[in-house]
Structures are given as C-alpha cells and as structure tokens.
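Student: let's see this in three dimensions:
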Amino acid sequence: IRGFVNVFFIVNNDIYTGKYNRNVLIGRIKVMASLSSVSLSTSSSEISIFPSTNRKLAVLPTAVRTFPGQTIKKTRTQMINVAHVQPPEVNKPHCSIRSTSFNVEGTGSTTSLDEEVKVDASGMEVSIKLPLFETPSSSTDAETDDSASLSVAVIGATGLLARTKIFPALFALYYSGHLPEKFGIFGYSRKNLTEDHLRAIIAPTLSCRIDHQENCEEKMDAFLKRIFYLNGGYDNREGMSNLNTLMEEGEGKFGANRIFYLSVPQEALIDVASSLAEKAQTQRGWNRVIIEKPFGLGLFSSHQLTNSLLSDFEEKQLYRIDHLLGRNTIENLAVLRFSNVVFMPLWNRSYIHNIQVTFSEELGMQTSARYPNGYGILGDVVHSHIFQTVALLAMEPPVTLDGEDIRYEKVKVLKSIRKLESSDVILGHYEADSGSNFKDKDNPIPTYFGAVLYVDNARWDGVPFLIKAGRGLKKNRVEIRIQFRRVPGNLYNKDGGHMQNLATNDLILRDVPDEAILVRINNKIPGLGMNLEASELNLLYKDKYNVEITDSYEQLLHDVIDGDNHLFMRSDEVEAAWNVLSPVLSELDNNNVTVERYNFGSKGPDKAGNLWAKHGVQWLDD
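Tutor: Numbering: from 1, shown residues only. Next comes the predicted model:
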C-alpha cells in the first residue's frame, strides 16, 4: 500500500479515524473499564477495526507494531488472543495487557516488531506497521510456515552491471520459482532516486525466456513491487544503518537471510564491506557477500583486500563472483570427467598431448578507466576465468562435490603451475581506430595474453596448457580443446598405405558461438577404397535442448542462495593465481616486457604462432 489510506477504529460503538503514511499508522482508541478485543481486516484501500465476540485480534496482512503499556509476543501466526486484561484503576495511570499467541486466519503472511509499549487510562495510541513485503501463506498451519525469507541488497544498484545483469537475473530466479516466497530486494547507491524511479529504470531490462512467457507481465509487476531503494554513501555507516532498518522493516520479527551484492568500484570495496559488516548484517539468519572481480589489483592489493574482508567476515560468507564461471560449459567439465568412464582413464599425460583454452572477443576493451592497474586482460580475464578453467581441467577427483572439497583440489593445481618465464608469454595490445577511447601509445594496456603453462605434478608432467585470451580479435570464440596423442603404430601410414597422417582425436567444449560438446574422430569415407577423414560428433545444445540457456548471473546467484561455493574463488585460490601471474606483472611494471601490437579484428600478435610451435602445437582454430 503506497501513500495514504484512511483507517476507521470502531470500539464499543465509538468511531476513531487515523491515516497511514508510508510505514506507520497512528490512531486513538478510548480505554474503557476493560479493553474490548477487536478484529482487523484489510482491503486494497481501507483498514477497519470492529468489535469481535471471540476476543481475538486478527492481522490480515498488517501487523501490530506497538501498544502503549503492552508487550506483544508474536509467533509465526496472525491472530492475537488477548489472554488477560487488567483494567486501569482510577489512582493508577497505566494498565498492562498480555497477549500470548497468534493463530493464522485468512490469507496474509505478516511480520511485526516485538516491542514493549504502555497504555494510559485516558487512551491508547496504536501503531500499525504494514510490512514492506508479504506473500500469501500456502498453509494455515503455524508449524509449516517456517520457510526462511530472503533479503538481497544490491549496493551500487544504479550501475550498469546491476541494471543489465543483477536485477534481470533475480527476476529470472523469481519467475522460475527459485526465490523464497518471502523476499525483498533493496537497492542502495549514491544517487538520489525514489523507489518508483529505480523501478522505472529496471523495468525495461526485464524479460521472460522464450520458453517461459506465461503471465510474464504480471510476474514483472509483482517483482518490481518487491524492489525498494535507499540512497547513501559507500563509506557511510549511517547509510548502512538506515539500510539495515529498511531491511528489518520488510523482514519483520523473524528476520531473513541476507545477500549483499557489492557492485561497486574496486576502490570503494573495503569501505563498503566494513560499513555493512558493522551496521547491516542480520543476527537472525545467515549473511553472504558477493564481490565482483578483479579480486585486488595484484598480489599486494589482493592481500590487503583479503585481510580486510576476513577481519569482518568468515571465509564461508564470501562469494567472489566471475560471471564467466557460471557458464554451462564450466559446469560440464566436472560432469564429463567424473561421470563418463570413457574419459576417466584417458585424463592424464599418457593420452593427452596438450590442452588449449581460448577466450576470444571481437569487441575491444572500451576504455582504460576500467583497468586502473594497467594489467588489462590479465586481471580481468586471466586471473579468474582462465586459471579457474585450468584448475577444473587439471584437478584430481574431489572427495565429494561439496564446494570446499572442489576448492581444495583447485588450489592444489594453481600451486603446482610452474613459474612463468617471459619466453613463454606473449602480451599484445590492439591498434585502436581513431574513434576508440582505449588508446595508450606510451604504456599500452594488454588486451591479449598468450602463454604456455605447465602443471608440475604426476598427472600432467610435460603436458602444455596453451592459453589465448584477447579482445579486439577476429572472431568470438570461447572454448576448451583437449587434444589427444596420435595413435601409436599408425596402420594407415605403412608402405602402400592409404593415408600419410591421421588427425588427432580432440574433445572440444565450446561455449561461444553455439554451446556444444564435440568429439573429433577419424572415419572411413563411404565408397570403394580406404579413404579416411576427420569428422566431428557433435552435441549442439540448441538442437538437443529446446530451451534458452540460463544466464551465468542467474546460475551463480542461485548458487549463492543455495550456499554452493564451488564456482567461487577462495582466498587461497586468489593468492595462488596472483602468484602465477606475479613474474609477468613485475616485468610489465618495470617495462621489461614488450607488448606486441596487432591490428584490431586480427588473430592477435604474429609472434603467438611461434610460441605454439615452440611447444610442438598448432592452434587448431586459427
């Protein structure tokens, strides 16, 4: 209910009126020799209180906040039984009222504060608190109405990421039924907006999937009504305290679990985290904090960030998010490895010749302001997405699929990566066109990273992991290619044989373009003679599954709600990844490494081909 509504109090045939303004409604009720119990019902525009013969106060869907002189103990139900009333005496200014239980009646689900208030002999002040969000209960059984509610605070709610990714992902979860029935979304930023203004900004970014269109507009309207807004500074503890108050008003007496999504600039991250840790955490549920990459601007700043975060939160509360890790292809790595016996015995140095990880985008990096440390794509893509992909490819089977077990195995891989030599790294910077804002001739920010990694353990000894990550390249391609060794003793390369060479067998997990799993094999061409060629067996997701692929932010937010952290980097993973990159970053800081130029829209630096050849590999998608 927004704005003002009239309220009519009818007690012992006496009528009193009041107004509701935003959160709190105040009226006056005359106290007689004994207090009459009253019932409260609601409609879309009016609240009425009228005499009741069953001595119950019904709350549908509002909640009583305070009565002067009265202590109300509310459980998970909605009907107040007035168990005992002591009428006021002439020589005593106050009386006490005890209310012991609530019993569900009707369809509302409400919350209230447990406060002690006072009643004087001349009258009683009534405050009625309407919760910011409520959902009809599916059951009238108090014992079953114990599902936890959820509050999501988006810090930096007016930024591009929040508008285009976070809010649409939350709506997708809401539409598909993956949010609790009782939830609220609380936007917080430095902009002075109204809630209606924020909702108007968000509304155009929401959409229903092609395969889920039923009641789309209705769902959007309902979702937008769950969004609330507060403006305040990032280092403002008073602002975070106000945010906490707003969230408590929505959650009611029983509280809610809370997620804080910190969509803020890197330089504001520590202040925001410290302020919300002190002022905005709930004591009546769990608190989880989502942090956007980059996770520090190098090893030293990463240490500072980690130490600051761990002084305010436990490691299990922190979710360092990289949206690229929420892609279905990444999830498929473990599934392919550990649920298919055909691959399990082959996943080692005896059968795999090399592994190629490609991240190629046609778009440029837009502006250098996004990369304040000058490391460009190394901090934006390589540190998190590329190294996490390598870790998932190379890790040993975890004890279970629990997030902590998987993260223990991943960090072992990262710590086993051989120190990078400058001779095994190619850095590049595309030549931008005249209209680009991303130009720096004196200190070019890397837009291309090519490298050969080696994991020094028994499983992967001698197997090169080839990395190509770049922007401003010829085509969009994100894929993992596992290239197996050649067949020993090639029967088709004998004297008088039919072929000189056989193609290698490859397993390809492609994310962009067109998500697919491909297996390259050699087969006979139909017809007379023994002519062979390489063919691909393909599982193309858009053909196999007639559904729209889940957005990565939707997947990762769902994981945060579930407490599944296996796709989020732990502190020791962050440190281990920066340790791998530190030699390259040091050379870059000291201008001891050449950043090669390449044309926008090309394959990247020409010298990259020499690097692959040095390790006996031809990059097959070039």
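Student: what is the mean pLDDT for stretch 613-622?
Tutor: The average pLDDT for stretch 613-622 rounds to 80.
Student: please apply the same query to stretch 420-433.
Tutor: Across stretch 420-433, the average pLDDT comes to 88.
Student: other residues contacting that stretch?
Tutor: Identification of contacts with stretch 420-433 by C-beta atoms under 8 Å, 6 or more residues apart in numbering yields 364, 376, 438-440, 444-453, 470-472, 580-581, 583-584, 587-588, 592-600, 602, 604-605, 607-608, 611. Placement of C-beta: from N, CA and C, glycine included.
Student: next, the buried residues of that stretch.
Tutor: Residues of stretch 420-433 classed as buried by neighbour count (16 or more other C-beta atoms under 10 Å): 420, 424, 425, 426, 427, 428, 429, 430, 432.
Student: so how far does stretch 526-539 reach from one end to the other?
Tutor: Length of stretch 526-539, first residue to last, C-alpha to C-alpha, to the nearest Å: 23 Å.
Student: so for this structure, the centremost residue is which one?
Tutor: In the chain, the residue lying closest to the centroid (C-alpha atoms, centre = their mean) is residue 557, at 3.3 Å.
Student: then that residue would be within a helix, right?
Tutor: Yes: assessed with DSSP: H, G, I helix; E, B strand; the rest coil, residue 557 lies in a helix.
Student: surely it meets residue 171?
Tutor: No: with contact defined as C-beta atoms under 8 Å, residue 557 does not count as touching residue 171 (10.8 Å).
Student: can you tell me the closest non-neighbouring residue to the residue nearest to the centre of the chain?
Tutor: residue 169 (5.3 Å; C-beta to C-beta, 6 or more residues apart in numbering).
Student: for the one you found, give me phi and psi.
Tutor: Note on residue 169: backbone dihedrals following degrees, to the nearest 10 are phi -70, psi -40.
Student: any regions of the stretch 1-150 of the chain where pLDDT drops low?
Tutor: Where the stretch 1-150 of the chain drops to pLDDT under 70, the residues are 1-148.
Student: ugh, wrong one, I meant the stretch 251-400 of the chain
Tutor: 366-373.
Student: can you rerun that using 50?
Tutor: Scanning the stretch 251-400 of the chain for pLDDT under 50 picks out 368-369.
Student: hey, where'd the helices end up in it?
Tutor: Per DSSP state H, counting those that start in this stretch, the stretch 251-400 of the chain carries helices over the ranges 269-279, 299-312, 328-339, 377, 387-394.
Student: make TSV out of the ones you listed and add distance to residue 522.
Tutor: Formatted as TSV, the helices of the stretch 251-400 of the chain follow (distance: least, C-beta to C-beta, whole Å):
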stretch	distance to residue 522
helix 269-279	52
helix 299-312	46
helix 328-339	21
helix 377	36
helix 387-394	24
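Student: select, out of those helices, the one closest to residue 541.
Tutor: Smallest distance to residue 541 across the helices of the stretch 251-400 of the chain (C-beta to C-beta): 7.5 Å, for helix 328-339.
Student: against which helices or strands is the closest one packed?
Tutor: Secondary-structure packing of helix 328-339 (3 or more C-beta pairs under 8 Å, 6 or more residues apart in numbering; DSSP states H and E): helix 387-394, strand 477-484, strand 506-512.
Student: hey, which of these is tucked in deepest?
Tutor: Highest mean neighbour count among the helices and strands packed on helix 328-339 (mean count of other C-beta atoms under 10 Å): helix 387-394, with a mean of 24.
Student: residues in contact with that helix?
Tutor: Here helix 387-394 makes contact (C-beta under 8 Å, 6+ apart) with 322, 325, 330, 333-334, 355, 357, 409-411, 413-414, 417, 453, 455, 459-460, 465, 467, 480, 482, 567, 569, 573, 577, 580.
Student: after it, which helix or strand is next?
Tutor: Per DSSP states H and E, the first helix or strand lying C-terminal to helix 387-394 is helix 403-416.
Student: may I have the strands that pair with the next helix or strand after that following helix, each with its orientation?
Tutor: The helix or strand immediately downstream of helix 403-416 is strand 425-431, counting by DSSP H and E. Using DSSP bridges, the strands paired with strand 425-431 are strand 448-454 (antiparallel), strand 595-599 (parallel).
Student: what's the closest of those strands to residue 540?
Tutor: Comparing the strands paired with strand 425-431 by C-beta to C-beta, strand 448-454 comes nearest, at 28.6 Å.
Student: just want the angle from that closest one to helix 403-416.
Tutor: Between strand 448-454 and helix 403-416, the angle comes out at 90 degrees (axes from the mean of the first three to the mean of the last three C-alpha atoms, to 10 degrees).
Student: how about whichever helix or strand comes after strand 448-454 as CSV, C-alpha atoms only?
Tutor: Later in the chain than strand 448-454, the nearest helix or strand by DSSP H and E is strand 464-471. Output of strand 464-471 as CSV, limited to C-alpha atoms (Å, rounded to 0.1, in the frame of the first residue of the first chain):
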residue,chain,number,x,y,z
PRO,A,464,51.4,-27.9,-22.2
PHE,A,465,48.3,-25.9,-21.3
LEU,A,466,48.1,-23.3,-24.1
ILE,A,467,46.2,-20.1,-23.2
LYS,A,468,44.9,-17.5,-25.6
ALA,A,469,42.8,-14.6,-24.2
GLY,A,470,42.2,-11.5,-26.1
ARG,A,471,39.9,-8.7,-27.2
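Student: tell me the angle of strand 464-471 relative to helix 387-394?
Tutor: 150 degrees.
Student: could you give the angle of strand 464-471 to strand 477-484?
Tutor: Interaxial angle of strand 464-471 relative to strand 477-484 (the same axes, to 10 degrees): 170 degrees.
Student: list the contacts of the helix or strand where residue 153 lies.
Tutor: Following DSSP H and E, one finds residue 153 within strand 150-155. Here strand 150-155 makes contact (C-beta under 8 Å, 6+ apart) with 162, 166-167, 170, 179-180, 182-189, 234, 243, 247, 250-251, 256-264, 272, 276, 280, 282, 561.
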